[in-house]
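Engineer: predicted model and sequence below, questions to follow.
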Amino acid sequence: MRDYFYSYLKSDATPGAAGNMLWAFIYIMLIFMGLSIAVIAMNWLERKVLAHMQVRLGPMRVGPHGLLQPIADAIKLLIKEDIMPAEADKLVFWMAPLIVVTTAFTTFIVVPFGPQHAVTDMNIGILFMLGVSSLGVLGIVMAGWASNSHYPLIGALRSSAQMVSYEVAMGLAVVSAVLMTSLHGAGIYATGGGSGMGTLSMIEIVRAQQEQQAWFAFKFFPLGLVAMFVFAVAMVAETNRAPFDLPEAESELTAGFHTEYSGFRWSLFFLAEYSAMIAVSSILVTLWLGGWLRPFPNLLAGPTWDLVFSLFPGLTFLALAGLTSGFGALLGLIGLILFISPVRAWVQDIYWFVAKVAVFMYLYIWYRGTFPRYRFDQLMKVGWKVLLPTGLGVLIVTAIVGVL
Amino acid sequence: MPQNYVPIFIFVALIGILLPGTLLAAKLVRPENPHPAKLMPYECGIDPVDNARGRYTVRFYIVAILFVVFDVETIFLFPWAVQFKALGLFGLLEMFIFLGILVIGYLWIWKKGALEWI
């Protein structure tokens, strides 16, 4: 048992790939906890950032700067009456939030937080992730249909139409990134080496970016950037967020497909929406922004720069400690611990991954504070007539450049 | 390797235990006072007019069909993209024929107005 526990720490694969199910279990529990904390933090952050963008203060009363507000909300939702409409299809109504949460969470099995820090490393990782995340539509349709109410049904129909439309563009953008994994020494950008085999594994995709000395966003400039842009627009639509939040357009449909849900069941939808946002941002970061790799691997190379970049996690926590007053001492202590050499080496992969995802989470809030909502015909036009041809064009040009 | 896929089952089993568990735990602490007015579908305070599962616009079916066509095409592109270097120019030309047929179909759909949302 003890040897089994330690065997993973010596291997350089992920727990799933090393066949160590005990550690896979530990990682799964860590992901559950991490996701819940991230969703709670996002809830607070969204309200605060959005408020400050609109020159308001946002939650201020529960805890310092309203920090405990999401927890108070969670307790409120837990002890709230759970209403199931009399005409609802009971079983489907009950299952819908479970399916949405399951699909949103399951994508995190293959998200690589570091070369060893993923639950498992599948050779079809990105395909698995796309497949599972698109199953979320099923839960939304079920929720809307089972409610037997007008607004949820319209919301669910809109949501499914929107999600399937943008999934096509998303898939094409992903294909062009997968194509780049096989192009180590290709064409005018040749750097030599590499096996010439592409890959669908999330970890191998990041390794390919490491070997090719370029994040795919900057490979074949501007092709990678355009593909990333297509994905970045499609992922906002996929998660039903502003400015593509038509399924939940408050002014028209009250709350869209989850109008009839209340209490804890509603909070499951909330959890699923935010974890789906984190999941798609993780796909984007893994495919185009080098996953756990630190910035500027080729410009600022060498051991000195490695040291400088490995100090970032500690510095971030120290900066946060400087901003906060009350429990700032705790954050400062964490920051100091992160400067210790072995901890530093262990933590920096996760730090860079989380930092990149955090940028996209901030962008989500920024979009919501900035852009007006699209009309449904405009939404369909952007999906089918702009993003789809762009994605297809980028793929074809990438293929031509790759073969040259 | 099969062992890489085992964590999926652990994961789904854990969610299958945890989520219904939390739902049942919430049942112990929350109030339960059903009332006919509470159990009515929400309609902004007005009595609902008829059953919600009526007709809706045929546009959604067109979107569904288009999705099937284009998503299956994307799935076909994945194996080619992985083996892109190995297949080389031959694979590229083959894929261009495939994509060419698709693009013709796409332009026809566009011209027919299936992409318009009226």
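Structural biologist: On my side now, so go ahead.
Engineer: got a list of what residue 98 touches?
Structural biologist: Since you didn't name a chain, this refers to chain A. Residues counted as contacts of A:Leu98 (CB atoms under 8 Å, 6 or more residues apart in numbering or on different chains) are A:Gly139, A:Leu268, B:Ile15, B:Leu19, B:Pro20. For the C-beta atoms, the positions are set from N, CA and C on the backbone; glycine is no exception.
Engineer: my question was about chain B
Structural biologist: B:Glu73, B:Phe76.
Engineer: report pLDDT for it.
Structural biologist: Predicted confidence (pLDDT) for B:Phe98: 90.
Engineer: tell me how far it lies from chain A.
Structural biologist: For B:Phe98, the distance to chain A equals 11 Å [CB to the nearest CB, to the nearest Å].
Engineer: show me where pLDDT drops low in the stretch 251-400 of chain A?
Structural biologist: A:325-326 (pLDDT under 70).
Engineer: tell me the residues of it that contact chain B?
Structural biologist: Applying CB under 8 Å from any CB of the partner chain, we find that the stretch 251-400 of chain A lies next to chain B at A:254, A:259-260, A:263-265, A:268, A:376-377, A:380-381, A:384-385, A:388-389, A:392, A:395-396, A:399-400.
Engineer: swap the cut-off to 7 Å and go again
Structural biologist: Proximity of the stretch 251-400 of chain A to chain B, by CB under 7 Å from any CB of the partner chain, involves residues A:Thr254, A:Thr259, A:Glu260, A:Gly263, A:Phe264, A:Phe376, A:Asp377, A:Met380, A:Trp384, A:Lys385, A:Ile396, A:Ala399.
Engineer: all helices of the stretch 151-300 of chain A, in order?
Structural biologist: Remark: helices assigned in the stretch 151-300 of chain A by DSSP state H, counting those that start in this stretch are A:202-211, A:223-238, A:250-253, A:263-288.
Engineer: now tabulate those helices in CSV and tack on mean neighbour count.
Structural biologist: Below are the helices of the stretch 151-300 of chain A laid out as CSV (neighbours: other CB atoms under 10 Å in any protein chain shown):
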stretch, mean neighbour count
helix A:202-211, 22
helix A:223-238, 23
helix A:250-253, 12
helix A:263-288, 24
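Engineer: quick one: closest of those to A:Tyr367.
Structural biologist: helix A:223-238 (6.4 Å; CB to CB).
Engineer: in the stretch 251-400 of chain A, what residue comes closest to chain B?
Structural biologist: Residue of the stretch 251-400 of chain A nearest chain B, by CB to the nearest CB: A:Asp377 (3.9 Å).
Engineer: quick one: pLDDT of residue 76?
Structural biologist: You didn't pick a chain, so chain A it is. Listed pLDDT for A:Lys76 reads 87.
Engineer: was after chain B, sorry
Structural biologist: 87.
Engineer: which strand or helix spans it?
Structural biologist: helix B:59-82 (DSSP states H and E).
Engineer: what sits up against that helix?
Structural biologist: Contacts of helix B:59-82 with the rest of the structure, by CB atoms under 7 Å, 6 or more residues apart in numbering or on different chains, involve A:127, A:157, A:161, A:164-165, A:167-168, A:171-172, A:175, A:178-179, A:182, A:198-200, B:87, B:91, B:95, B:102, B:109, B:114, B:117.
Engineer: just to revisit the earlier point, of all the helices of the stretch 151-300 of chain A, which lies closest to B:Val6?
Structural biologist: helix A:202-211 (17.1 Å).
Engineer: okay, now the nearest residue to A:Val178 once chain neighbours are set aside: neighbour count?
Structural biologist: Among residues not flanking A:Val178 along the chain, B:Ala81 sits closest, at 4.4 Å (CB to CB, 6 or more residues apart in numbering or on different chains). Counted with other CB atoms under 10 Å in any protein chain shown, the neighbours of B:Ala81 add up to 25.
Engineer: next: A:Tyr367.
Structural biologist: When neighbours are defined as other CB under 10 Å, A:Tyr367 has 15 of them.
Engineer: next, the closest residue to it other than its chain neighbours: phi, psi?
Structural biologist: Spatial nearest neighbour of A:Tyr367, chain neighbours left out: A:Ala242 (5.7 Å); criterion: CB to CB, 6+ apart. Main-chain torsions, A:Ala242, degrees, to the nearest 10: phi -60, psi 140.
Engineer: which one of the helices of the stretch 151-300 of chain A lies nearest to A:Tyr4?
Structural biologist: Taking CB to CB, helix A:202-211 is the member of the helices of the stretch 151-300 of chain A nearest to A:Tyr4, at 22.7 Å.
Engineer: the closest one to helix A:263-288, inter-axis angle?
Structural biologist: Helix A:202-211 and helix A:263-288 are oriented at 30 degrees to each other (axes from the mean of the first three to the mean of the last three CA atoms, to 10 degrees).
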